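Participant: predicted coordinates and the sequence they were generated for:
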Amino acid sequence: MRGWNQFETIYEEEQELSSTSSPFLSPSSSSSPPPPPSLHSIVNAWSLDSGSEPDVLICVQGTSFRLHKVRLISRSSYLKRHLTGVSDLTLSPPLNLTAETFAAVAEFCYSRRVHLTPSNVAAVRVAAELLGMTGEENLREVTESYFERVVGIGASMVLRSCVALLPEAETTASLASRCIEALVWEDDVSCMSDVVGMHPQDFQTVSYSLNRRLPNHDVLYKMVDLYLKENKCRKLTEEQKTEICNSIDCSKLSPHTLVNCVQNPQMPLRFIVQAILMEHLNTRRSVTAAATTGAQQQLERTTLREILQRDTADRQTTQIKETMDSTYSRIQSLEKELRGMKKILHEHHQAEGEKIRNNNVLNSERSASFHFDPADAESSKIQRGGRGSVSSSGFGLDNVRRKNKEVAGGMCNLSVGSSCRHDSKTPKMTKFFRHSKFITGLKNAFRISNSTSNPY
């Protein structure tokens, strides 16, 4: 582990930005005071004054700090909870702290002073939140006051330091979005290069913060568009793109930016549809306003100024119509793409259905051919007494006698009628059945007799 010697020169490379009239540091000073004492010197001085030696050991990224517990717990609620009953503590992730940052925090716990610069204010500000150093005249208040003063002149530097501290730098104090907001007000787009290098989840966090901070979302749209173009290699999913684009409020885009958004193929389809609807609504409002203005002008006396205003309104109407034509063209192209996709899906389903039907027919034919038995067919033919049967001559005489009896019985039923056994109580359906049976018997008898009389 590294010792204290490293921190004896931490503050010698930079000048202290302090004011003689306040115990806290200011971002600039006309004089150049000597560098502040090292943390090691501050701790030794406090040990001599209090007569007590350091009683806790805190490790941060491989560096050990021997400090006094009473000084740490007096400023940090986090350290107060975790140092109760223990003398050793390691500060590790998810706490996003470096050894240099903790040295500045420890210095504040002893002297209520901290050396802040545009390059370290974000780290110390995040540490103040993570360690619970809040309240009046605590580290959060000091760092927040310095950040508000320095962000107007060094927002780019602060933003670069925030990127490495995301997402904590944004979730704890909205530092990154506040830097971008300051650069937007200064019409400075140098922040774009820093924004593009963010992780998708971090960029989404920052963009949603900007959604609440910016009254106009043109810059946010440009930032999102640039991020999507420069991060194609990341292969962002459509869901990720949609989540990022949802941070843009289409109602806060200027007409020119809205038209550009509608025609931008980089944007996801859902967001483009949303932009189209907003553009259509704005166009209708503009047309209504222009029509109302024209009607009012006709009622008044025509002057040169009114003529110029009317010409301006006509030009605006022409531009609106061109915008509408462009919008409708875009909608038609999108609808054409959707119809093409539906057609491809329909043809695919038809091909699959035809394939399934062909397989079913082929399987049924194979099943039928597999169960066919010539012996069964021949046996069935013999039982029916077919003319081509070999045994029909021997079997036909007995069959004729049986059919003659059936014919005689049928004739009896038809002639005697009411004198038969069933008498008048026989249902009509039964009589119909017997009549049919009689006719069938006649046909079989004559067919069989013809067959037996001329066997060759």
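Facilitator: It's in. Numbers count the residues shown, from 1 in each chain.
Participant: for the stretch 151-300 of the chain, which spans come out with low pLDDT?
Facilitator: Filtered on pLDDT under 70, the stretch 151-300 of the chain yields the residue ranges 293-300.
Participant: can you give me the strands for it?
Facilitator: Counting by DSSP state E, counting those that start in this stretch, the stretch 151-300 of the chain has no strands to list.
Participant: next one: H256 from Q263, what distance?
Facilitator: Distance, H256 to Q263, by CB to CB, to the nearest Å: 11 Å. All C-beta spots, glycine's among them, are computed from the backbone N, C-alpha and C.
Participant: looking at the two, which is more packed in?
Facilitator: Between H256 and Q263, Q263 has the larger neighbour count (other CB atoms under 10 Å), namely 14 against 10.
Participant: correct me, but E238 touches P268?
Facilitator: Yes. With contacts counted by CB atoms under 8 Å, E238 reaches P268, the gap being 5.7 Å.
Participant: among these two, which residue is more densely surrounded?
Facilitator: Neighbours per residue (other CB under 10 Å) separate E238 from P268, with P268 holding more: 19 against 10.
Participant: how close does that one get to K336?
Facilitator: Going from P268 to K336 by CB to CB gives 18 Å.
Participant: what's the answer for C261, then?
Facilitator: Distance from C261 to K336, by CB to CB: 20 Å.
Participant: more crowded one of the two?
Facilitator: Shown here are C261 and K336; by other CB under 10 Å, C261 has more neighbours (25 against 10).
Participant: pull the contacting residues for that one.
Facilitator: Residues in contact with C261 (CB atoms under 8 Å, 6 or more residues apart in numbering) are Y221, C250, L253, M267, F271, I272, A275.
Participant: of those residues, keep whichever come out buried.
Facilitator: Y221, C250, L253, M267, F271, I272, A275 (16 or more other CB atoms under 10 Å).
Participant: hang on, the earlier thing: which residues are common contacts for E238 and P268?
Facilitator: Common neighbours of E238 and P268 (CB under 8 Å, 6+ apart) do not exist.
Participant: can you report phi and psi for M341?
Facilitator: Main-chain torsions, M341, degrees, to the nearest 10: phi -60, psi -40.
Participant: oh sorry, the question was meant for G197
Facilitator: phi -80, psi 0.
Participant: also A104?
Facilitator: phi -70, psi -40.
Participant: correct me if wrong: it contacts T117.
Facilitator: No. At 10.2 Å, A104 does not count as touching T117 under the criterion of CB under 8 Å.
Participant: more neighbours: which of these two?
Facilitator: A104 (24 against 20).
Participant: list the contacts of the more buried one.
Facilitator: Contacts of A104 (CB under 8 Å, 6+ apart): V114, H115, L116, N120, V124, A127.
Participant: I'd like the distance between it and C250.
Facilitator: Separation of A104 from C250 (CB to CB): 44 Å.
Participant: what does E168 give?
Facilitator: Shown here: E168 relative to C250, a distance of 31 Å by CB to CB.
Participant: how about A128?
Facilitator: From A128 to C250 the distance is 37 Å (CB to CB).
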